[in-house]
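K.L.:
I'd like to go over a predicted model; first the sequence, then the structure.
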Amino acid sequence: MLIIPAENTVNWKRPPWVTLGLMLACLLVFILYQGRDPARLEQAVTRYLQDDLLTLEAPVYEDYLERRIRFGQETGRVHELQRFQTLREQDERGWQAVTLLLDRDFYQYLLANRDLLWAPAERDRWQEQRVALDEAYVQKLSAQALGLVPAHLTLHTLISYQFLHGGWGHLLGNLLFLFLLGFTVEKALGAARFLVAYLLCGILSGLVFAAFSPGSLTPLVGASGAISGLMGMYVAIYGLRKIRFFYFLGVYFNYFRAPALALLPVWLGKEIYDYWFAGATGVAYMAHAGGLLAGAGLVGLFGRSWLQVREVFFEGPEQAQDARFTAGYAQAMASLGRMEFDLARRQFEALRAHYPDRPILLRHLYQLAKLRPDLPAYRELAREWMAESLKRQQPEQMIAIWQEFLGQGEAHHPLAPEDHNRVLFASLRLDQFKVAEKAFERLRSAGDPVLVREACRLLVQEFEKRQMEPKARHYRQQLQALDAG
């Protein structure tokens, strides 16, 4: 079953240049650089068979796989053993050679045990011919030169492996998912931050893969880990908002809506399950799982700083708005430019009646209401804008609106106790203790004893947690006074 997010559409007037550039880079690397691999591999196979190395290695390979299955508990390699035995029965010498040449762990096993595997004459012949063949051809294959080898991690291969692919199917599948996910995340983060986050997800994905394959000499290639990171970032950006997902099951496909983050454990669970139970499929499941966690984790950790989503992302680009909204918005902005504030306010209110989900309209109405802080409209719009900021996971903006209202409108039409209470909770999460204490004082003056006691207990807990004993003692005393009263 395949499930991918499908909430956005591409705005070709503002193309996702970094996403398209990454796709082009993968394509050019595959054609111009990896395109030389088939000739190298063919030369290696020809020389391998001419030197009759297959006669020496094939029996050893079967025994090697049987030992790994029996003693190493690598039950997933049963299929590899069966495939190789079938190749031997059908006398497919070329494919046997390819299998043996590309199994880097087996080659290392031969190097380590050559004295035990063959008689001296056979050992010397094998070492002379096989090592030379490996250096001349196999080590120059793209996956060996620039793939991520867990046993030999380097910074440059943690990046370069993301642009290599194992074949046309692997490449085209990754390019499709890179496009479907990349244009949305790029629109949300901006080109530069998107590129850094994409590469960083690929690096972290590679490190997770290496941690689960310690000492392995089998190279990892492909953009799948970084693309999984895009999936993690995608759902983390939307958070608990309900977005549209496309799913494909057999021949049936459709769409459904669900909270974005709800799909993260589903995807993650599938990758971990496949890692343990799918057997040897050649798919780097833990790289995918690492990418998912990396993408979601980066947005979770840095979503309020360098990975903060651009505000225009949730509002939608102006080009995507219908003609009616565009015309009405332009008229209202023109009225603002002529300083016809009452007319502009009526125009924005009319637009909001038809487009209630456009936050930019609420912002304009709030700014206009600030011109008359003595009117009740300023208080109501301030409360709406604070609630919208909290809904969009922008607590800093909510606190800024609250502080602005205290200076301009609180004397005329005070905020409700629950407004101060929300600011108190948000400021504590942001470790803004002075703001939290100020919100508490406003809450206490608003006269809701239930909320005041709850807020006072919370302040005591938070200051105790941070070992700020004088502050904790101060609010314990206030809490005792409240309980006594």
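P.N.:
That came through, no problem.
K.L.:
and N8, what does it touch?
P.N.:
The contact partners of N8, taken as Cβ atoms under 8 Å, 6 or more residues apart in numbering, are 183-184, 187. All C-beta spots, glycine's among them, are computed from the backbone N, C-alpha and C.
K.L.:
that's a helix at I31, yeah?
P.N.:
Yes - assessed with DSSP: H, G, I helix; E, B strand; the rest coil, I31 lies in a helix.
K.L.:
show me what contacts it?
P.N.:
Residues near I31 by Cβ under 8 Å, 6+ apart: none.
K.L.:
state the distance from it to P373.
P.N.:
As for I31, its distance to P373 is 64 Å (criterion: Cβ to Cβ, to the nearest Å).
K.L.:
and if you look at T55?
P.N.:
From T55 to P373 the distance is 92 Å (Cβ to Cβ).
K.L.:
looking at the two, which is more packed in?
P.N.:
P373 (19 against 11; other Cβ atoms under 10 Å).
K.L.:
surely that one meets G409?
P.N.:
Yes - if you go by Cβ atoms under 8 Å, P373 and G409 touch, sitting 4.2 Å apart.
K.L.:
thinking again about what came up before, any chance of CSV for the contacts of N8, columns distance to H288, neighbour count and pLDDT?
P.N.:
Converted to CSV, the contacts of N8 look like this (distance: Cβ to Cβ, whole Å; neighbours: other Cβ atoms under 10 Å; pLDDT from 0 to 100):
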residue, distance to H288, neighbour count, pLDDT
F183, 20, 24, 93
T184, 19, 24, 93
K187, 23, 23, 92
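K.L.:
list the buried residues of stretch 332-350.
P.N.:
For stretch 332-350, the neighbour count (16 or more other Cβ atoms under 10 Å) marks 332, 335-336, 344-345, 347-348 as buried.
K.L.:
just how off-centre is that stretch within its chain?
P.N.:
Relative to the centre of its chain, stretch 332-350 is centred 41 Å away, using Cα atoms, centre = their mean, to the nearest Å.
K.L.:
first to last residue in that stretch, what's the distance?
P.N.:
Its start and end residues considered, stretch 332-350 measures 10 Å (Cα to Cα, to the nearest Å).
K.L.:
re the thing from before, can you put the buried residues of stretch 332-350 in CSV and add secondary structure, distance to V309 and pLDDT?
P.N.:
Listed next are the buried residues of stretch 332-350 as CSV, based on DSSP: H, G, I helix; E, B strand; the rest coil; distance: Cβ to Cβ, whole Å; pLDDT from 0 to 100:
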residue, secondary structure, distance to V309, pLDDT
A332, helix, 26, 92
S335, helix, 30, 91
L336, helix, 26, 89
A344, helix, 28, 92
R345, helix, 29, 93
Q347, helix, 28, 93
F348, helix, 24, 92
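K.L.:
could those go into CSV alongside distance to F177?
P.N.:
Shown next, in CSV, are these (distance: Cβ to Cβ, whole Å):
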residue, distance to F177
A332, 40
S335, 46
L336, 43
A344, 45
R345, 46
Q347, 43
F348, 40
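K.L.:
from those, which single one is nearest G291?
P.N.:
Closest approach between the buried residues of stretch 332-350 and G291, by Cβ to Cβ: F348, at 42.8 Å.
K.L.:
return the residues in contact with the closest one.
P.N.:
Here F348 is in contact with 332, 361, 364-365, 368 (Cβ under 8 Å, 6+ apart).
K.L.:
if we take the residues you listed, which one ends up nearest to P120?
P.N.:
The closest of those to P120 turns out to be L361 (Cβ to Cβ; 85.6 Å).
K.L.:
which strand or helix spans that closest one?
P.N.:
Using DSSP states H and E, L361 maps to helix 359-369.
K.L.:
what lies in contact with that helix?
P.N.:
By Cβ under 8 Å, 6+ apart, the residues outside helix 359-369 that reach it are 314-315, 332, 336, 341, 344-345, 348-349, 351-352, 355, 375, 377-378, 381-382, 384-385, 388, 392, 401.
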